[in-house]
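> one predicted model, sequence on top.
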Amino acid sequence: MNPYERTLDHFSALLAGQGPQEALRYLNQGVPHRYTAVYRFERELLRNVLLEDKRGQMRPEYLIAVPFKQSFCQFVLRDQAFRTDDSAHDDRLVGHPYRGVVVSYHSVPVVDEHGTLWGTMSHFDMSSHPLSDSEFALLQDAAGALTRYLPCLAD
């Protein structure tokens, strides 16, 4: 196996051994996006429960909670995943208040142990960045592996 290949096994080992934050850091290290995050659905809001920032800065206030109807996460709920390298040029987002603000957004659903949509896991940035199909597949697999750790993230 290529020592540089990023795998679900490595993500899962970090998740079990060092916890969700370290596992999220691993995901973030393999992509150009500044942020990798997990958001939980909370009625009309999306609440940030995990955030990895490449710059190592404190979580900005505007990322703590986002109204569902103003989020890109609504499209994850509708389409089961959402990818845009540059929201400013994405016709699906015409009229959306964050079009061109959150520029790059790649997100997948997180479901609980009952198969109910719990939230989202995303890579995003205020600059345009592509995401390879292999990294998107890892994000999807990682969201599935995160399911058993959701009770500790809900607190």
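Received the coordinates, thanks. Numbers count the residues shown, from 1 in each chain.

> all contacts plus neighbour counts: C-alpha atoms, from now on.
Will do.

> residue closest to the middle of this protein?
Ser122 (1.4 Å; Cα atoms, centre = their mean).

> helix, strand or coil for that residue?
Three-state call for Ser122 (DSSP: H, G, I helix; E, B strand; the rest coil): strand.

> measure it to Gln74 for me?
Using Cα to Cα, to the nearest Å, Ser122 is found at 13 Å from Gln74.

> mind listing the strands for this structure?
If DSSP state E is used as the criterion, the strands of the chain fall at 35-42, 45-53, 65-67, 82-84, 104-111, 117-125.

> so which of these has the densest surroundings on average?
Stretch with highest mean neighbour count among these: strand 104-111 (a mean of 26; mean count of other Cα atoms under 10 Å).

> so what are the sheet partners of it and their directions?
Note on strand 104-111: by DSSP bridges, its sheet partners are strand 82-84 (antiparallel), strand 117-125 (antiparallel).

> ok now the helix or strand bottoming out on mean pLDDT in the chain, how far from the chain's centre?
Lowest mean confidence among the helices and strands of the chain (mean pLDDT, DSSP states H and E): helix 150-153, at a mean of 84. From the chain centre to the centre of helix 150-153 is a distance of 16 Å (Cα atoms, centre = their mean, to the nearest Å).

> which residues touch that helix?
49-50, 112 (Cα atoms under 8 Å, 6 or more residues apart in numbering).

> of all those residues, which comes closest to Phe136?
Proximity of these to Phe136 (Cα to Cα) peaks at Leu50, which lies at 18.3 Å.
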